[in-house]
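Asker: 3D model of this:
(chains A, B, C and D)
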Number of protein chains: 2
Amino acid sequence: MRELGIGDLARRVGMRPSALRYYESIGLLPPAGRVAGRRVYPVGTVRRIALIKMAQRARFTLAEIRQLLDTTVDRGATRQWRALAERKLPELDRFLQETQALRDAVADCLACGCMNFDSCQLLSSGPAGDAA
Amino acid sequence: MRELGIGDLARRVGMRPSALRYYESIGLLPPAGRVAGRRVYPVGTVRRIALIKMAQRARFTLAEIRQLLDTTVDRGATRQWRALAERKLPELDRFLQETQALRDAVADCLACGCMNFDSCQLLSSGPAGDAA
DNA sequence: CTCAGGGTTCAAGTGCGCTTGACGTCAAGG
DNA sequence: CCTTGACGTCAAGCGCACTTGAACCCTGAG
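Answerer: Numbers count the residues shown, from 1 in each chain, chains lettered A, B, ... in the order given. Presented below is the predicted three-dimensional model:
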């Protein structure tokens, strides 16, 4: 079975058909082929959706993900994809750093013996530079 | 100046007053003191908001953040805060791992010479375990 | 005194990421 | 033949995190 109906696909990727239709509607998935009016997806779609979910977990919006993936889909866009990926990398790194900082803050806080996160001494200095 | 009006506070933390009122309405900020009907905030609120933003950047919902912080605010809740923090730590770690994985995937992909993220060979094996 | 510039409340609106509902079509099975 | 069930479309709804608008009040500078 090299093609999947929307229900099958949805089950495979753990989403609802409505979500897949929605993705198509916003151009995140290419228009599915039709057989008797019904959508049929090549199995590769499973992988594409896995990528989407991956990027989503990293806080990319669907619009961003569409850019990441859509710079694609036909030939030629390699250059564009690379440009975008290179742009995204530092963003990801920055985000990772921030999150790591929070993680460490929580961990330190636990180790520090303070009463709670809000009142922790360790955090008084660091986390978010004030914006005055 | 040990107390701030809502406008001042908003400016300091780079948000709009409406957001601060909203935070209060959902219990994320304790009810501000009032002077002639107007909210006044102790300067410490700046720090609290910095923490909120920090946690937000790490994808905590405001409801979760409220829990993280509210286990607080009066005495006694230390135990609770610790329990919650300990619960959150692994979540954070998991999230960090996933994000790191995405970052690496993008980086590898750039290095791999593939046409785009979607078609990258390197990713064919790894990212999201299928759910069939 | 006046009035501009904040502040107050409450209800409704916004954008994102979907879901749900109403209604319709079609193919397969009893 | 008729029903069942999965699929189709389209519009509306939902939860989150806020913003905006309408209507009102207060303070203080000119």
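
Asker: rest of the way, CA atoms for contacts and neighbours
Answerer: Will do.

Asker: ok, residue A:89 - contacts?
Answerer: Contact analysis of residue A:89 by CA atoms under 8 Å, 6 or more residues apart in numbering or on different chains lists B:103, B:106-107.

Asker: can you redo these as CSV with distance to residue B:83, secondary structure and pLDDT?
Answerer: Putting the contacts of residue A:89 into CSV (distance: CA to CA, whole Å; DSSP: H, G, I helix; E, B strand; the rest coil; pLDDT from 0 to 100) gives the following:
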residue, distance to residue B:83, secondary structure, pLDDT
B:103, 31, helix, 85
B:106, 35, helix, 80
B:107, 36, helix, 84
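
Asker: Return the member of these nearest to DNA strand D.
Answerer: residue B:103 (23.7 Å; CA to the nearest atom of the strand).

Asker: Now for the closest one: which residues touch it?
Answerer: A:89, A:92-93.

Asker: Now go through those residues and say which are in strands.
Answerer: Among the contacts of residue B:103, no member falls in strands (DSSP state E).

Asker: In helices, which of these fall?
Answerer: A:89, A:92-93 (DSSP state H).

Asker: Any chance of JSON lines for those residues, columns pLDDT?
Answerer: Formatted as JSON lines, the ones in helices among the contacts of residue B:103 follow (pLDDT from 0 to 100):
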{"residue": "A:89", "pLDDT": "83"}
{"residue": "A:92", "pLDDT": "82"}
{"residue": "A:93", "pLDDT": "87"}
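
Asker: With respect to DNA strand C, which of the residues you listed is nearest?
Answerer: residue A:92 (15.9 Å).

Asker: Which residue, neighbours along the chain excluded, lies closest to that closest one?
Answerer: Sequence neighbours aside, residue B:103 is the residue nearest to residue A:92 in space, at 6.2 Å (criterion: CA to CA, 6 or more residues apart in numbering or on different chains).

Asker: Quick check: the one you found vs residue A:48, distance?
Answerer: 17 Å (CA to CA, to the nearest Å).

Asker: now do residue A:7
Answerer: For residue A:7 relative to residue A:48 (CA to CA), the value is 16 Å.

Asker: Which parts of chain A are helices?
Answerer: Under DSSP H, chain A gives helices at A:6-13, A:17-25, A:44-57, A:62-70, A:78-112.

Asker: Out of those helices, flag the one nearest DNA strand D.
Answerer: helix A:6-13 (3.3 Å).

Asker: and stretch A:45-62, how far from the chain's centre?
Answerer: Computed by CA atoms, centre = their mean, to the nearest Å, the chain-centroid distance of stretch A:45-62 equals 4 Å.

Asker: Do any residues in that stretch lie close to DNA strand D?
Answerer: No - using CA under 7 Å from any atom of the strand, stretch A:45-62 stays clear of DNA strand D, coming no nearer than 12.1 Å.

Asker: what about that stretch, average pLDDT?
Answerer: For stretch A:45-62, mean pLDDT rounds to 88.

Asker: can you check stretch A:24-35 too?
Answerer: 94.

Asker: now stretch A:69-77
Answerer: In the prediction, stretch A:69-77 has an average pLDDT of 57.

Asker: same check, this time on stretch A:10-21
Answerer: 96.

Asker: cool, stretch A:112-130 as well?
Answerer: 58.

Asker: per-domain residue ranges of chain A.
Answerer: The record's domain split for chain A, according to automatic domain parsing, is A:1-58, A:71-115.

Asker: Thanks a lot, catch you later.
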